[in-house]
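Undergrad: Here you go, sequence then predicted model.
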Amino acid sequence: MAREHRYLVGFLIPALLFLAVFFGYPLLSNVAMGFQQYTAKTFFTGQAPWVGFANYAKAFASTLFAPSLLNTALFTVGSILGQFGIGLALALFFCKKFPLNNVLRALLLLPWLLPLIVSSATWRSILDRDSGILNAALQYFHLVSEPVPWLTSPDVALLAVLLVNIWVGIPFNVTILHAGLQAIPEELYEAAALDGATGLKSFRHITWPCLRPVVSVVLILGVIYTIKVLDIILGLTNGGPANSTQTLTIRAYQESFVRFDFGVGAAYGNILILISLVFAVIYLFSNRKRNDA
């Protein structure tokens with residue numbers, strides 16, 4: 001083996017070991033646990049009888065499965081649309097040169113840098129019905145006649161959680177999209193301006209086609225990340241009120257760490273893995289198709 005190859009293998013082995021220990025083993029364990037009767041008793045007896053698809057049948061038969069699946073879809077679609085739309089607008093805004101541009105972009109990263117449980121606690125106080133600053137501001141400007149029960153009403157709790165998740169995800173979208181916009185050659189805009197293509201025409205025929213590969217990455221990664229959001233919902237509503245903010249991730253958490261039925265919790269987790277895998281395959285397929293083109 002050539003010396004260069006030995007060096008490559010030497011650098012590759014630690015990475016493969018890390019992936020195997022911290023990603024491969026937990027993943028395989030979770031898949032296996034989904035087919036076992038794995039409860040708190042198992043930690044003492046070491047026995048986890050094989051039950052086949054019984055855990056999945058129990059998950060699908062739950063009255064909360066369909067609402068959780070619907071809430072997961074609404075939460076994911078709403079978050080992606082809000083994060084991407086606002087993120088793209090801000091990325092285009094920060095492409096312009098103006099004083100304190102870099103400072104404002106740095107401050108925009110704060111929601112992304114804060115631990116999610118800290119963000120949840122902060123927003124919980126902001127959204128409080130009686131003492132929250134949001135209701136105080138809405139009433140001060142006469143936008144609402146009485147305080148809105150953001151976190152205690154089943155009608156608006158999912159919307160409140162959705163808005164907080166949009167706020168958390170905007171910095172990621174701005175950062176990636178801004179980098180993609182910066183990579184577009186300025187000469188293309190100059191040539192288009194000579195032909196009278198400015199404003200929306202320039203965005204339609206130059207910016208969007210050049211940005212499309214970056215957009216696909218942002219959207220796919222955003223979907224995969226949003227599907228498994230736990231901290232924000234747990235910190236704000238814990239799946240309530242009246243199960244109105246239950247998602248598949250919350251169901252997996254509650255089955256595993258509240259009811260201690262780890263088998264059913266693993267089944268919910270495996271369902272989430274399959275959903276994420278679908279979007280990962282879509283991304284890889286579209287990326288390969290684009291490279292072939």
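TA: Cool, got the structure.
Undergrad: Downstream of the host helix or strand of Phe60, the next helix or strand is which one?
TA: Using DSSP states H and E, the element containing Phe60 is helix 54-61. Remark: after helix 54-61, the chain's next helix or strand is helix 65-94, criterion DSSP H and E.
Undergrad: Pull out the buried positions in that next one.
TA: Buried positions in helix 65-94, judged by neighbour count with 16 or more other C-beta atoms under 10 Å: 65, 67-69, 71-72, 75-76, 78-80, 82-84, 86-88, 90-92, 94. C-beta: built from backbone N, CA, C; applies to glycine.
Undergrad: just stretch 39-58 next, same as before
TA: 39, 42, 48, 51, 54-56, 58.
Undergrad: Could I have the CA atoms of that stretch written out in PDB?
TA: This file holds the C-alpha atoms of stretch 39-58, laid out as PDB (Å, rounded to 0.1, in the frame of the first residue of the first chain):
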ATOM      1  CA  THR A  39     -39.500  -1.500  29.600                       C
ATOM      2  CA  ALA A  40     -38.000  -0.200  32.800                       C
ATOM      3  CA  LYS A  41     -38.000  -3.700  34.100                       C
ATOM      4  CA  THR A  42     -35.600  -4.700  31.300                       C
ATOM      5  CA  PHE A  43     -32.800  -2.700  32.900                       C
ATOM      6  CA  PHE A  44     -32.900  -5.000  36.000                       C
ATOM      7  CA  THR A  45     -33.800  -8.400  34.400                       C
ATOM      8  CA  GLY A  46     -31.900  -7.900  31.100                       C
ATOM      9  CA  GLN A  47     -34.800  -9.500  29.400                       C
ATOM     10  CA  ALA A  48     -36.600  -7.900  26.400                       C
ATOM     11  CA  PRO A  49     -38.800 -10.400  24.700                       C
ATOM     12  CA  TRP A  50     -39.100 -10.200  20.900                       C
ATOM     13  CA  VAL A  51     -42.700  -9.000  20.000                       C
ATOM     14  CA  GLY A  52     -42.300  -8.300  16.300                       C
ATOM     15  CA  PHE A  53     -44.500  -5.500  15.000                       C
ATOM     16  CA  ALA A  54     -46.600  -5.300  18.200                       C
ATOM     17  CA  ASN A  55     -45.000  -1.900  19.200                       C
ATOM     18  CA  TYR A  56     -45.800  -0.500  15.800                       C
ATOM     19  CA  ALA A  57     -49.300  -1.800  16.000                       C
ATOM     20  CA  LYS A  58     -49.700  -0.100  19.400                       C
END
